[in-house]
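K.L.:
kindly generate the corresponding structure for this input.
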Amino acid sequence: MNKRLILNFIWIGFSLLVLNACNLLAAGATSQSGSQAAYTQAAQTIVAQLTQQASDTQSAELTRVASAPAATPTATPPQATAAAPTPTATTIPPTPAPPTATPVLALCDQVQFIKDVTVADGSLLTPGSEFSKVWRLKNIGTCTWDTDYTLVFSSGDRMQATRVIPLEDTVHPGEKIDMKVDFVAPTEQGRYRSLWMLSNASGKRFGIGDNADQAFWAEIRVTSPNENFAYDLAADMCLATWRSSAGSLPCPGDSASADGSAILLDRPVLEGGRHENESTLWMRPAAEKNGWISGIYPAYKVRDGDHFLADIGCLQDSDGCKVLFSLDYQVSGGSKKNLGQWTETYDGNIYRVDVDLSSLAGKKVQLILSVTNQGKASQANAFWLAPSVRKGTPTPPPGGNVPAVQAARQRVATDLGIDVSSLSVESFETAEWTDSCLGVHLPDQVCADVIIPGYRVVLSSGSARYEAHTNEDGSIVFWFEI
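P.N.:
From the prediction side, this is the model:
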């Protein structure tokens with residue numbers, strides 16, 4: 001029941017009691033008996049109590065009504081008496097946006113790895129070779145890196161690097177920096193990884209990752225030069241001085257750099273889908289029209305019978321590749337002299353380069369490998385497969401002057417649609433064939449029983465090997481892949 005209605009009933013009752021009491025008092029004003037006096041006193045007491053109770057109840061109700069918040073009307077909204085002030089940035093702070101994937105509280109010190117500027121992970125290096133690793137890093141923390149910060153070795157293979165390297169520049173939040181460490185490759189073959197972090201002025205280390213507690217690294221593979229080569233230009237590539245039409249280049253290079261790069265591959269896929277397991281020098285000219293790249297190697301003393309030998313072409317998936325290969329030399333920093341040039345396109349064929357260096361015997365020469373772009377700059381992925389100086393005359397072997405052996409090379413090359421110089425003679429021997437098919441029996445072929453003297457010749461081109469059977473003068477050749 002409404003409390004105001006209750007109060008009204010209380011006041012009505014109170015008023016009736018007062019009126020009755022007054023009538024009783026008026027009726028017995030002249031003479032009152034003891035019982036009447038007692039009744040009168042009781043009535044007065046009741047009246048006084050009701051009066052006080054009603055007064056207390058009314059006061060409490062008024063106090064509650066005054067202090068209680070105004071009730072929200074359900075029918076008619078109250079009329080505004082004044083326009084509410086419009087909040088501004090200076091009077092009421094804006095409500096913060098709800099949290100997103102970005103942490104609410106950014107870390108003071110945190111690193112983001114951007115890229116390897118030099119020496120891509122997994123690069124092949126020779127034992128004991130010196131190299132410089134450069135990382136591009138970004139400050140994604142809230143604190144500035146100053147010269148009190150350091151680059152520190154964390155774990156793994158230190159490879160003779162300095163353990164603590166002070167920063168030379170200040171790096172503000174959001175800025176990038178290239179950081180370099182000089183290493184020396186171990187003398188044993190294998191895979192090596194060196195992990196690094198940054199350290200602030202308090203000596204606390206930090207790095208990459210959501211919690212800035214992970215290291216970044218340099219990883220290399222060490223491989224020894226081929227013992228069968230007099231000079232291995234692939235394994236010793238970082239002993240050469242590399243330049244392009246854009247300027248000086250690091251070694252190993254950055255495969256994404258528009259300036260060009262020289263990188264050693266150990267399992268390349270060549271045009272035509274040919275897979276190789278020999279060290280291959282991948283050379284990218286500067287990404288521009290007629291852009292070029294060259295490497296000048298340390299001096300090498302040529303011996304009588306030395307040959308420069310390599311397979312050349314374009315890497316797989318390099319449609320539009322057209323490059324000019326060049327082999328040059330210079331003596332004691334003198335003028336450059338050319339030993340040969342070859343143009344290669346992405347046509348599925350690979351060319352064997354075989355240059356006799358005997359005319360330079362006894363001289364200390366610096367060999368120079370160069371590649372010039374003549375096609376799509378983005379597809380100029382040239383390779384030198386196993387570029388090396390080898391003793392003697394590797395192609396052909398001692399049977400090179402035997403007409404039947406050379407006839408076998410020419411026939412196999414013609415049938416395969418490749419250049420004859422890309423086929424090497426592994427071995428040959430005399431034979432006496434017992435039929436007119438020279439021991440090579442093909443389907444639906446009729447072979448007469450007859451003794452025919454001739455040769456068995458083993459040829460190779462990369463990883464592919466072939467066996468050819470000839471008669472004595474090479475006018476008849478049968479062959480098959482082995």
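
K.L.:
tell me the domain ranges of this structure?
P.N.:
3-27+35-57, 111-222, 231-390, 398-481 (automatic domain parsing).

K.L.:
winner for burial among these?
P.N.:
With neighbours defined as mean count of other Cβ atoms under 10 Å, the domains of the chain peak in mean count at domain 231-390, which reaches a mean of 19. In this view, the C-beta of every residue, glycine as well, is placed from N, C-alpha and C.

K.L.:
quick one on the thing from earlier: any chance of the domains of the chain in a markdown table, with mean pLDDT too?
P.N.:
Output for these, formatted as a markdown table (pLDDT from 0 to 100):
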| stretch | mean pLDDT |
| --- | --- |
| domain 3-27+35-57 | 48 |
| domain 111-222 | 93 |
| domain 231-390 | 93 |
| domain 398-481 | 87 |
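
K.L.:
give me the distance from the helix or strand hosting Val405 to the chain's centre.
P.N.:
Element membership of Val405 [criterion: DSSP states H and E] is helix 403-416. Centre-to-centre, helix 403-416 and its host chain are 47 Å apart (Cα atoms, centre = their mean, to the nearest Å).

K.L.:
give the contact list for the nearest residue to Leu167 once chain neighbours are set aside.
P.N.:
Spatially, and ignoring its direct neighbours in sequence, Leu167 is nearest to Tyr149 (4.8 Å; Cβ to Cβ, 6 or more residues apart in numbering). Counting by Cβ atoms under 8 Å, 6 or more residues apart in numbering, Tyr149 touches 166-167, 198-201.

K.L.:
and what of Ala212?
P.N.:
107, 109-111, 141, 206.

K.L.:
over to it: give its phi and psi.
P.N.:
phi 60, psi 30 (degrees, to the nearest 10).

K.L.:
bridged to the residue lying closest to Ala240 once chain neighbours are set aside, which residues?
P.N.:
The shortest distance from Ala240 to any non-neighbouring residue, by Cβ to Cβ, 6+ apart, is to Gly295 (3.8 Å). In this entry, Gly295 is beta-bridged to Trp242, Leu369, by DSSP bridges.

K.L.:
show me what contacts Gly295?
P.N.:
Neighbouring residues of Gly295 by Cβ under 8 Å, 6+ apart: 237, 240-242, 262, 283, 368-370.

K.L.:
so His290 touches Gly375, yeah?
P.N.:
Careful, residue 290 is Asn and not His. No - assessed by Cβ atoms under 8 Å, Asn290 is found out of contact with Gly375, at 10.6 Å.

K.L.:
what residues does the helix holding Val405 touch?
P.N.:
396, 399-400, 419-420, 422-423, 425, 428, 454-455, 457, 459, 461, 466, 468, 470-475, 477, 479.

K.L.:
restricted to strands, list the residues you listed.
P.N.:
425, 428, 454-455, 457, 459, 461, 466, 468, 470-471, 477, 479 (DSSP state E).

K.L.:
okay, which residue is most central for this protein?
P.N.:
Lys115 (6.3 Å; Cα atoms, centre = their mean).

K.L.:
roughly how far does that one sit from Leu151?
P.N.:
17 Å (Cβ to Cβ, to the nearest Å).

K.L.:
go on, Gln341?
P.N.:
45 Å.

K.L.:
what helix or strand is Ser326 on?
P.N.:
strand 322-331.

K.L.:
tell me the strands beside that strand, with direction?
P.N.:
If you go by DSSP bridges, strand 322-331 pairs up with strand 337-345 (antiparallel), strand 364-373 (antiparallel).

K.L.:
so what touches the first one?
P.N.:
Residues lying outside strand 337-345 but in contact with it, judged by Cβ under 8 Å, 6+ apart, are 308, 312-314, 321-330, 351, 353, 355, 357, 374-375, 382.

K.L.:
next secondary structure after that strand?
P.N.:
Following strand 337-345 in sequence order, the next helix or strand is strand 351-356 (DSSP H and E).

K.L.:
just want the angle from that following strand to strand 337-345.
P.N.:
Angle, strand 351-356 to strand 337-345, by axes from the mean of the first three to the mean of the last three Cα atoms, to 10 degrees: 170 degrees.

K.L.:
strand 351-356: partners in the sheet, and parallel or antiparallel?
P.N.:
Partners of strand 351-356 in the sheet, by DSSP bridges, are strand 307-314 (antiparallel).

K.L.:
what is the end-to-end distance of stretch 367-387?
P.N.:
Stretch 367-387 has an end-to-end distance of 11 Å (criterion: Cα to Cα, to the nearest Å).

K.L.:
now it, how far from the centre of its chain.
P.N.:
The answer for stretch 367-387 is 24 Å, by Cα atoms, centre = their mean.

K.L.:
same check, this time on stretch 220-232
P.N.:
Computed by Cα atoms, centre = their mean, the separation of stretch 220-232 from the middle of its chain amounts to 28 Å.

K.L.:
contact partners of it?
P.N.:
Residues contacting stretch 220-232 (Cβ under 8 Å, 6+ apart): 119, 122-127, 131, 183, 185-192, 235-236, 266, 279, 300, 303, 306, 367, 386, 388-391.

K.L.:
before we move on, back to that, find the nearest non-adjacent residue to the residue nearest to the centre of the chain, please.
P.N.:
Leaving aside its chain neighbours, Lys115 sits nearest to Arg136 (5.0 Å; criterion: Cβ to Cβ, 6+ apart).

K.L.:
wait, Ala262 sits on Ala286?
P.N.:
No - under the contact definition of Cβ under 8 Å, Ala262 does not touch Ala286, with a separation of 12.0 Å.

K.L.:
please enumerate the shared neighbours of these two.
P.N.:
Residues within reach of Ala262 and of Ala286 at once, by Cβ under 8 Å, 6+ apart, are Ile293.

K.L.:
mind checking the SS state of Gly333?
P.N.:
coil (DSSP: H, G, I helix; E, B strand; the rest coil).

K.L.:
and the gap between the nearest residue to it once chain neighbours are set aside and Val302?
P.N.:
Closest residue to Gly333 apart from its sequence neighbours, by Cβ to Cβ, 6+ apart: Gln366 at 7.9 Å. Between Gln366 and Val302 the distance is 11 Å, computed by Cβ to Cβ.

K.L.:
so who does Trp282 touch?
P.N.:
255, 261-265, 268, 315, 381-383.

K.L.:
tell me which of those fall in strands.
P.N.:
Among the contacts of Trp282, the ones falling in strands (DSSP E) are 261-265, 382-383.

K.L.:
pretty sure Cys238 is in a helix, no?
P.N.:
Yes - per three-state DSSP, Cys238 lies within a helix segment.

K.L.:
who's in contact with it?
P.N.:
125-126, 129-131, 251-252.

K.L.:
just those: which are in strands?
P.N.:
125, 130-131.

K.L.:
now the nearest residue to His172 once chain neighbours are set aside: how far from Gly174?
P.N.:
Nearest non-adjacent residue to His172, counting by Cβ to Cβ, 6+ apart: Thr144, 5.1 Å away. Relative to Gly174, Thr144 is positioned 10 Å away (Cβ to Cβ).

K.L.:
what's the answer for Ile296, then?
P.N.:
41 Å.

K.L.:
try Tyr329
P.N.:
In terms of Cβ to Cβ, Tyr329 sits 50 Å off from Gly174.

K.L.:
next: Asp266.
P.N.:
Asp266 is 39 Å from Gly174, by Cβ to Cβ.

K.L.:
next one: Asn277
P.N.:
Relative to Gly174, and taking Cβ to Cβ, Asn277 is found at 45 Å.
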